[in-house]
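Peer 1: model this:
(2 chains)
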Amino acid sequence: MSPSAYVTLSVILFAIGGVGVLVRRNAIIVFMCIELMLNAANLAFVAFARMHGNLDGQVIAFFVMVVAAAEVVVGLAILMAIFRTRRSTSVDDASLLKN
Amino acid sequence: MTGSVGHAGLVGHPGVLAASTIAAPHIEYSQLAPMLIVFAAALAGVLVEAFAPRSARRSLHIVLALGGLGAAFILTILIAASSSIFAGGGAGHIAAMGAVGVDRPTLFIQGTILVLAMLTMLIIADTAHGLSPFVAQAAAVPGSAEEREGLLKGVTHTEIYPLTMFAVGGMLLFPAANDLLTMFVALEVLSLPLYLLCGLARRRRLLSQEAAMKYFLLGSFSSAFFLFGIAMLYGFAGSVRLSAIASAASTNTANETLLLAGVALLGLGLLFKIGAVPFQGWKPDVYQGAPTPITALMASCVVVSAFGALLRVFYVAFGTLTWDWRPVLWVIAILTMLLGAVIAITQTDVKRLLAYSSITHAGYILTAVVASSALGLSSSLFYLATYGFSTVGAFALITLVRDPSGEALHLSRWAGLGKRSPLVAATFAFFLLAFAGIPLTSGFTGKFAVFQAAEASGATPLVIIGVLASAIAAFFYVRIIVLMFFSDPVPDGPAVVVPSALTGTAVAIGAAATLFLGIIPGPLLSLANNAATHLFVR
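Peer 2: Residues are numbered from 1 along each chain as shown, chains lettered A, B, ... in the order given. Model prediction:
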């Protein structure tokens, strides 16, 4: 199977994640969609690394995993604080900040 | 540091991917010293948090943070002076195996960030009148007995100091990053602490938490686009070095889709951070909900850092694609200037109003970025420095005008402030005039510089729209001044607290810099020109 198929797959995954962020209302699901987008980028990096024959893309994928893990820590902490206050993680309920 | 990503020496062919030799990475510690010191101070802050007794923590943190930022600033000046970068020397150096570029514009930007971060640190550290702007216990549910207990004891989260230092470290690295992986890591290092800091306001906890969630979700959404853009560019060029992308863009005509998709996605991530239209939606909400000192940090240092990275990416990596991105940035600059100015008119919250004002200012600076010349670079640098000082000063002043329930943010509460505390009102009016770009303030010289750069590159329509947007913006700035000085004071209006030495210093330095750079802009202007002559190192 040619590596370019994996690039196509990564674009599809990225699009699914992007649409999910825009249409889903639960903050946890939105966050999972963002993680899906990061992992789609990882897949693209690894596929491109194979196509170019160098290791940069694979190394970058490891960096992205670490960054994504740090993002999960911060994100879940914020979502937990919100949930304890409001008993809800819907992004529609959080709407005090308006004109 | 992320300098060990193998750009050299790791060559295999498809199917084998074996490294023949791995050269030990060579890291120029002296060039990276300012960033390393800030990160070291942040890590030392974590140790203080773990081992120092609660009573000693705050003073230890302040010494560490201000000492670290001050030492980093002195080192930045020494690097600029000693390596003869400014004394007629070359463009600069590339350090850490090509991961970091320490060049003239970067040193200027880092120096600016460090000075502004020191000023902001003064406001963050201010706990005078028994009230820190930060929450006692972030984990306690707002309104609960647990929270009241924390408030009574007067405890605060001293973690804010190391978090701020990590964010400042990321801000220093972000514009210096010479490859896109380092830039992505720096982006996250600067963003993640800020997401947390946004949610730590003592008053209006719900708004603050909501701001943190919005900033976090939208920020990580935009960094996912940024990352996918990097993946596309890596697919196009086979490397994430900015210079390699630039040379591939000028020689390689195959796969142009990958290149253009990469430019668009990467640009989206960067434009989000500076709050350009159509990616400005988060800015008013986050600026309003975050604790005011953190808003000051975001409105000054983060904007400076993000513009530094934007300039480096568009001038170095996409320097040969000017004809592709310039029309898009034209449209974005026009929309940013106009939308920010028009929506600001209807605002009733001071912080929200300054957020829209910050969006408009991002538009003005974009007109200089579009120029894509040394003049455009130098005027952006100058504008960022002048705008940063006025912004920190203005937000520091906002922390002084208080209601019993916290800061008095609604504009109606500011009516007649000039009659009750003329000095505070006059200083705030002076900052507003600087934002409006009235002569004898730094805002005028900055705006003149960016519009001159845009005009020189043939972007006359941009300049005309910029002047028009300035006129609209001047309307709402002047409206606040009229409100403060020519309306009757509200009964039981907000009390203006006497500033402590910390906030007082921040306001005084901000106002002095705004005045000084308005009357004698020469020295900083020539420094910015000098910083921009060789553009960025490749």
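
Peer 1: for residue B:432, give me its contacts.
Peer 2: B:394, B:477-478, B:480-481 (Cβ atoms under 8 Å, 6 or more residues apart in numbering or on different chains). (C-beta placed from N, C-alpha, C; glycine too.)

Peer 1: excluding its backbone neighbours, what's nearest residue B:310?
Peer 2: Of all residues not flanking residue B:310 in the chain, residue B:270 sits nearest, at 4.5 Å (Cβ to Cβ, 6 or more residues apart in numbering or on different chains).

Peer 1: typo on my end, it should be residue B:236
Peer 2: residue B:258 (4.1 Å).

Peer 1: Three-state assignment for the one you found, please.
Peer 2: When classified by DSSP: H, G, I helix; E, B strand; the rest coil, residue B:258 comes out as helix.

Peer 1: hmm, residue B:234 and it touching each other?
Peer 2: No. Using Cβ atoms under 8 Å, residue B:258 is not in contact with residue B:234, being 9.1 Å away.

Peer 1: low-confidence ranges, the chain, go.
Peer 2: You didn't say which chain, so I picked chain A. When residues are selected by pLDDT under 70, those of chain A lie in A:1, A:94, A:96-99.

Peer 1: that's the wrong chain, I wanted chain B
Peer 2: Where chain B drops to pLDDT under 70, the residues are B:1-20, B:83-90, B:129-131, B:154.

Peer 1: hang on, the earlier thing: more neighbours: residue B:258 and residue B:234, which one.
Peer 2: residue B:234 (27 against 19; other Cβ atoms under 10 Å in any protein chain shown).

Peer 1: just list what the helix or strand where the more buried one lies packs against, helices and strands only.
Peer 2: Using DSSP states H and E, the element containing residue B:234 is helix B:205-237. Counting contacts by 3 or more Cβ pairs under 8 Å, 6 or more residues apart in numbering or on different chains; DSSP states H and E, helix B:205-237 packs against helix A:3-23, helix A:27-52, helix A:56-86, helix B:180-198, helix B:242-251, helix B:256-274, helix B:282-289.

Peer 1: from the chain's centre, how far out does that helix sit?
Peer 2: With Cα atoms, centre = their mean, to the nearest Å as the basis, helix B:205-237 stands 16 Å off its chain's centre.

Peer 1: do stretch A:77-89 as well
Peer 2: How far stretch A:77-89 lies from its chain's middle: 20 Å, per Cα atoms, centre = their mean.

Peer 1: for it, buried residues please.
Peer 2: For stretch A:77-89, a neighbour-count test (16 or more other Cβ atoms under 10 Å in any protein chain shown) marks A:77-79, A:81-82, A:85-86, A:89 as buried.

Peer 1: do the same with stretch A:12-29
Peer 2: A:13-14, A:17-18, A:20-21, A:24, A:27.

Peer 1: that one near chain B anywhere?
Peer 2: Yes. Using Cβ under 8 Å from any Cβ of the partner chain, stretch A:12-29 reaches chain B at A:14, A:17-18, A:21, A:27.

Peer 1: output those in JSON lines, with distance to residue B:434 appended to each entry.
Peer 2: Putting the residues of stretch A:12-29 next to chain B into JSON lines (distance: Cβ to Cβ, whole Å) gives the following:
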{"residue": "A:14", "distance to residue B:434": "43"}
{"residue": "A:17", "distance to residue B:434": "43"}
{"residue": "A:18", "distance to residue B:434": "40"}
{"residue": "A:21", "distance to residue B:434": "38"}
{"residue": "A:27", "distance to residue B:434": "39"}
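
Peer 1: between those, which is closest to residue A:5?
Peer 2: For the residues of stretch A:12-29 next to chain B, the minimum distance to residue A:5 (Cβ to Cβ) is 14.9 Å, reached by residue A:14.

Peer 1: residues contacting the residue lying closest to the closest one once chain neighbours are set aside?
Peer 2: Closest residue to residue A:14 in three dimensions, ignoring its sequence neighbours and counting by Cβ to Cβ, 6+ apart: residue A:40, at 3.8 Å. Residues counted as contacts of residue A:40 (Cβ under 8 Å, 6+ apart) are A:10-11, A:13-14, A:17, B:228.

Peer 1: same check, this time on residue B:457
Peer 2: Contacts of residue B:457 (Cβ under 8 Å, 6+ apart): B:370-373, B:375-376.

Peer 1: of all those, which two lie farthest apart?
Peer 2: Among the contacts of residue B:457, B:370 and B:375 lie farthest apart (Cβ to Cβ), at 11.8 Å.

Peer 1: and the helices in the stretch 251-400 of chain B, which stretches?
Peer 2: When assigned using DSSP state H, counting those that start in this stretch, the helices of the stretch 251-400 of chain B occupy the ranges B:256-274, B:282-289, B:292-297, B:303-312, B:322-344, B:350-371, B:374-398.

Peer 1: could you identify which of those is most buried?
Peer 2: helix B:292-297 (a mean of 29; mean count of other Cβ atoms under 10 Å in any protein chain shown).

Peer 1: tell me how many other residues crowd residue 60.
Peer 2: You didn't say which chain, so I picked chain A. Residue neighbour count, defined by other Cβ under 10 Å, stands at 28 for residue A:60.

Peer 1: hmm, I had chain B in mind actually
Peer 2: The burial count for residue B:60: 18, using other Cβ under 10 Å.

Peer 1: surely it and residue B:48 touch.
Peer 2: Yes. Contact criterion Cβ under 8 Å: residue B:60 and residue B:48 qualify, at 5.0 Å.

Peer 1: ramachandran coordinates for residue B:100?
Peer 2: phi -130, psi 130 (degrees, to the nearest 10).

Peer 1: scratch that, residue B:318 is what I was asking about
Peer 2: phi -110, psi 20.

Peer 1: could you give the number of residues near it?
Peer 2: Neighbours of residue B:318 (other Cβ under 10 Å): 22.

Peer 1: right, and it touches residue B:325 too?
Peer 2: Yes. The pair residue B:318 / residue B:325 is scored as a contact, 5.9 Å apart, by Cβ under 8 Å.

Peer 1: shared neighbours of those two, which are they?
Peer 2: Taking Cβ under 8 Å, 6+ apart as the criterion, residue B:318 and residue B:325 both touch residue B:263.

Peer 1: which ones are touching residue B:93?
Peer 2: B:28, B:31, B:83, B:101-103, B:537.

Peer 1: for residue B:468, same thing?
Peer 2: Contacts of residue B:468 were listed using Cβ under 8 Å, 6+ apart, and they are residue B:338.

Peer 1: name the SS class of it, please.
Peer 2: Put simply, residue B:468 is helix when judged by three-state DSSP.

Peer 1: and it, how close does it get to residue B:376?
Peer 2: 20 Å (Cβ to Cβ, to the nearest Å).

Peer 1: also residue B:368?
Peer 2: Using Cβ to Cβ, we find residue B:368 at a distance of 4 Å from residue B:376.

Peer 1: tell me, what's touching those two both at once?
Peer 2: B:450, B:453-454.

Peer 1: nearest to residue B:37, of those?
Peer 2: Nearest to residue B:37 among the shared contacts of residue B:368 and residue B:376, with distances taken as Cβ to Cβ, is residue B:450, at 31.9 Å.

Peer 1: is it true that the closest one touches residue B:364?
Peer 2: Yes. Assessed by Cβ under 8 Å, residue B:450 is found in contact with residue B:364 at 5.5 Å.

Peer 1: who touches both of the two?
Peer 2: Listed as contacting both residue B:450 and residue B:364 by Cβ under 8 Å, 6+ apart are B:383, B:466.

Peer 1: and residue 24, backbone torsions?
Peer 2: Picked chain A for this. According to degrees, to the nearest 10, residue A:24 has phi -80, psi 150.

Peer 1: wait, chain B
Peer 2: As for residue B:24, its main-chain torsions (degrees, to the nearest 10) stand at phi -70, psi 130.
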